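Asks: Could you look at this predicted model? Sequence included:
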Amino acid sequence: MYFIANWKMFGGLNSLNSLHKVNKFLKFLKKKSAKIIYCPPSTLIRPMSKKLKKSKIEVGAQNCHEHESYGAFTGSINSIMLKNVGAKYVIIGHSENRQAGETDKLINLKVKSALKSGLKVIFCIGETLKQKRKKRTKQVLNKQIKLGLNKINNHKKILIAYEPVWSIGTGLIPKRNELLQTITSIKSIKRNFKVLYGGSVNPKNINELKSINNIDGFLIGGASQDPNKFIDIIKKTYN
Ligand code: 13P
């Protein structure tokens, strides 16, 4: 099971103190299958990966520029630079960035450049509330996968994170049956893919979510900033 923390635009150097608690907990968690990945803001990738050198927690980034080498792109960071400071993963296609204008084509270029640099990709997809109401979820997800992963065969290096836009930060999660069906449908398009769920995952709803047996892990936003909540989510998943 994957437990991926997406800190979004939160955290300074003092936030790294919270890792100690999670690390300590993991030492006693006798679950080899638990993969813990922290995706902090880019400013914290280096200090975090140094701090976690001896830990089983891995570090990832939240986005990257699509250009494969250095270039005149003020304010941007590419996948080589992320790898260089200790990232092993990168989130690409998060709905917060899609809403800010990232297209499927741009996302596809980013995925390609990340894989080329040796990063694993956490590829996010998800429908809006409007699309869900129009019963277009399946169609929307299929398109995001088809275009975003166009001409990419490196399936073992990609995790798909299904994050319905309407569930992010709202406390809402899909109905059990809907989620089961959606994950099955994603897995039928791309076999062998691991599929994670993200959107308001917290210690209160994790028991319900974990009972959906085709989910391979969780991408956790808000709750991942609090080490107690993050630990609670992992604990309950295995109880
Ligand atoms: P929340 O867990 O805060 O809803 O965020 C989910 C998310 O966007 C993770 O990428």
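Replies: That came through fine. Numbering: from 1, shown residues only.
Asks: Which positions in this protein make contact with the ligand?
Replies: By the rule CB under 6 Å from any ligand atom, the part of the chain lying against the ligand is 6, 94, 163, 168-169, 198-201, 219-223. The C-beta positions use only the backbone N, C-alpha and C, and glycine is treated the same way.
Asks: Looking at the residues you listed, which is nearest the ligand?
Replies: Relative to the ligand, the closest of these is residue 221; by CB to the nearest ligand atom it sits at 2.2 Å.
Asks: Surely that closest one is in contact with residue 168?
Replies: Yes: counting by CB atoms under 8 Å, residue 221 sits close enough to residue 168 to count as a contact (6.7 Å).
Asks: Common neighbours of those two, please.
Replies: Taking CB atoms under 8 Å, 6 or more residues apart in numbering as the contact rule, the neighbours common to residue 221 and residue 168 are residue 198.
Asks: Helix or strand: which one has residue 59?
Replies: Taking DSSP states H and E as the definition, residue 59 sits inside strand 58-61.
Asks: quick one: strands adjacent to that strand?
Replies: Taking DSSP bridges as the criterion, strand 58-61 sits next to strand 35-39 (parallel), strand 89-92 (parallel) in its sheet.
Asks: Residues contacting that strand, please?
Replies: Applying CB under 8 Å, 6+ apart, the set of residues contacting strand 58-61 from outside is 4, 35-40, 42, 45, 48-49, 52, 77, 82, 86-91, 119-120, 122.
Asks: could you dump the strands paired with strand 58-61 to JSON lines with mean pLDDT and mean neighbour count?
Replies: Listed next are the strands paired with strand 58-61 as JSON lines, based on pLDDT from 0 to 100; neighbours: other CB atoms under 10 Å:
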{"stretch": "strand 35-39", "mean pLDDT": "98", "mean neighbour count": "23"}
{"stretch": "strand 89-92", "mean pLDDT": "98", "mean neighbour count": "26"}
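Asks: Reformat the ones you listed as JSON lines; add distance to residue 227.
Replies: Putting the strands paired with strand 58-61 into JSON lines (distance: least, CB to CB, whole Å) gives the following:
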{"stretch": "strand 35-39", "distance to residue 227": "11"}
{"stretch": "strand 89-92", "distance to residue 227": "20"}
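Asks: what residues are up against residue 145?
Replies: Residue 145 makes contacts with 125, 160, 186, 189-190, as judged by CB under 8 Å, 6+ apart.
Asks: With residue 119 instead?
Replies: Going by CB under 8 Å, 6+ apart, the list of residues near residue 119 reads 60-61, 64, 79, 82-83, 87-90.
Asks: show me where pLDDT drops low in the protein?
Replies: Under the criterion pLDDT under 70, no range of the chain is flagged.
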